[in-house]
Each structure stands twice: as C-alpha cells, then as structure tokens.
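Enquirer: Next come a sequence and a model predicted from it.
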Amino acid sequence: MNTPNLFSVQQLCEHATTTLEQQAGRWVPARPLGFQGLFLRQRLRLAWAVFTGRCDAVHWNTKPDDRQKQ
C-alpha cells in the first residue's frame, strides 16, 4: 500500500518529463512510489487538505486497462 505524497506542480511536471516507463508499447510518465505502509497521520493530513481545498488530488492510471475505461 502506497502512502500519498505531496508534490508541488513544478515537482510533478519535472518528474513526469524525466521519469518514464513503458506500458503496452508506449512510454508514459511513471508514478512516483510513496512510502510503503499505512502512515495514518500522513493520509489523514493530506485527505483533509484535499477536502478543505488547499490541495488537489491527482488520479494516476497505473494500468493500461484503466485508460480505456475512462
């Protein structure tokens, strides 16, 4: 289980353009791996920031099948 991470827009853009992986024959931005584990305090803090509008959440399509469903 990955723990959510907090990235600035600049960090996310830099990561998306420099870190790629190949899925279904195409190169796509790779999802940054979070800390492995529950980390409940971190999860609640970031969920509250999204709920109150201070942060935005990003949905990462991690499997090629996810892209086709949307």
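Expert: That came through fine. Residues are numbered from 1 along each chain as shown.
Enquirer: which helix in the chain runs the most residues?
Expert: If you go by DSSP state H, the chain has its longest helix at helix 40-51.
Enquirer: Mind listing residues that contact that one?
Expert: With contact meaning Cβ atoms under 8 Å, 6 or more residues apart in numbering, helix 40-51 is reached by 3-4, 6, 35, 55-57. C-betas here are computed from N, CA, C, even on glycine.
Enquirer: Stretch 9-20 now?
Expert: 7, 27-30, 32, 58.
Enquirer: which among those end up buried?
Expert: 28-30 (16 or more other Cβ atoms under 10 Å).
Enquirer: Export the contacts of helix 40-51 as CSV, with columns for pLDDT.
Expert: Below are those laid out as CSV (pLDDT from 0 to 100):
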residue, pLDDT
Thr3, 78
Pro4, 82
Leu6, 87
Phe35, 71
Cys55, 93
Asp56, 92
Ala57, 89
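Enquirer: and the closest residue to Gly37 other than its chain neighbours, how many neighbours?
Expert: Once flanking residues are discounted, Gly37 sits nearest to Thr3: 6.4 Å by Cβ to Cβ, 6 or more residues apart in numbering. Thr3: 15 surrounding residues under other Cβ atoms under 10 Å.
Enquirer: Strands of this structure, residue ranges please.
Expert: 20-23, 26-29 (DSSP state E).
Enquirer: Quick one: low-confidence residue ranges for this protein.
Expert: For the chain, applying pLDDT under 70 flags the ranges 1, 62-70.
Enquirer: returning to that earlier point: how about TSV for the contacts of stretch 9-20, with distance to Thr19 added?
Expert: Output for the contacts of stretch 9-20, formatted as TSV (distance: Cβ to Cβ, whole Å):
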residue	distance to Thr19
Phe7	12
Trp27	11
Val28	10
Pro29	7
Ala30	5
Pro32	8
Val58	15
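Enquirer: and those residues, which two are the farthest apart?
Expert: Phe7 and Trp27 (20.6 Å; Cβ to Cβ).
Enquirer: Phi first, then psi, for the residue nearest to Arg31 when sequence neighbours are not counted.
Expert: For Arg31, ignoring the flanking residues on the chain, the nearest one in space by Cβ to Cβ, 6+ apart is Trp60 at 4.4 Å. Dihedral pair for Trp60: phi -100, psi 120, per degrees, to the nearest 10.
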